[in-house]
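In: here is a sequence with its predicted model. Questions after.
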Amino acid sequence: DTEVTQTPKHLVMGMTNKKSLKCEQHMGHRAMYWYKQKAKKPPELMFVYSYEKLSINESVPSRFSPECPNSSLLNLHLHALQPEDSALYLCASSYRLADYNEQFFGPGTRLTVL
Amino acid sequence: AQKVTQAQTEISVVEKEDVTLDCVYETRDTTYYLFWYKQPPSGELVFLIRRNSFDEQNEISGRYSWNFQKSTSSFNFTITASQVVDSAVYFCALSEAPGNQFYFGTGTSLTVIP
């Protein structure tokens, strides 16, 4: 299994809603990532988890809250988002953070904030 | 300063033409890795290749080939006999020690016209 899955595929939410994005991989990877990608731009790193511990937080607003319940699962909890947070949210995983491993990406969640 | 530069924003070619996507990087590290990813309209970034800084051998995989030249800090990607399915945005990325963080270029949008 060389796949990273993400749910939901599309999400529309209001600014007062609370929602969560889910990411799963079963490749035994111990590093997992959240990226945000706006149209016609490269992915921007948000968070990195290594062995289920938050390793990197790229100064992301607190309305985005990551969680790594186990080595296969990564969540991104969303609360009080702004319309400018509308983007494609990509999850990725790699074998280990300390190495130069390629990252495998999921198909993303297209988020629209109204 | 931009660590990875993809000067070609958009390229259009007619099917069966060859096309080269340029990537220039900047780093002071002696150990680093370079990557190419393909992002079709569906959104998922697909890993294409990883190359370390000590291996300057060119690589060929089917219709894809990569030319790594440390002297010019370039890692160019050529698609031979392009096909419509090659239409996508292609990202070049750099990974320096430590932490496996990726520095993405701004991407090149390739359109192959039938």
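Out: The structure has been received and is ready for your questions.
In: separation between A:Lys36 and A:Leu90?
Out: Taking CB to CB, to the nearest Å as the measure, A:Lys36 falls 8 Å from A:Leu90. Using the backbone N, CA and C atoms, a C-beta is placed for each residue, glycine as well.
In: who's in contact with the most centrally placed residue in chain A?
Out: With distances taken as CA atoms, centre = their mean, A:Trp34 lies nearest the centre of chain A, 2.9 Å away. For A:Trp34, the contacting residues are A:Cys23, A:Leu45, A:Met46, A:Phe47, A:Pro66, A:Leu74, A:Leu76, A:Tyr89, A:Leu90, A:Cys91, by CB atoms under 8 Å, 6 or more residues apart in numbering or on different chains.
In: from those, which are also near chain B?
Out: Applying CB under 8 Å from any CB of the partner chain, the subset of the contacts of A:Trp34 adjacent to chain B comprises A:Leu45, A:Leu90.
In: how about low-confidence regions in chain A?
Out: A:1-2 (pLDDT under 70).
In: ok, back up a step: of the contacts of A:Trp34, which pair is most distant in space?
Out: Spatial extent of those (CB to CB) is set by the pair A:Cys23 and A:Leu45 at 14.5 Å.
In: ok, those two, which is more surrounded?
Out: A:Cys23 (27 against 18; other CB atoms under 10 Å in any protein chain shown).
In: setting the sequence-adjacent residues aside, check what's closest to the more buried one.
Out: Sequence neighbours aside, A:Cys91 is the residue nearest to A:Cys23 in space, at 3.3 Å (criterion: CB to CB, 6 or more residues apart in numbering or on different chains).
In: from the chain's centroid, how far away is stretch A:97-105?
Out: Offset of stretch A:97-105 from its chain centre (CA atoms, centre = their mean, to the nearest Å): 15 Å.
In: in it, what's buried?
Out: Residues of stretch A:97-105 classed as buried: A:Leu97, A:Tyr100, A:Asn101, A:Glu102, A:Gln103, A:Phe104, A:Phe105 (neighbour count, 16 or more other CB atoms under 10 Å in any protein chain shown).
In: please enumerate the strands of chain B.
Out: With DSSP state E, the ranges of strands along chain B come out as B:4-5, B:10-14, B:19-21, B:24-25, B:32-39, B:46-52, B:59-61, B:64-69, B:74-79, B:88-96, B:102-104, B:108-113.
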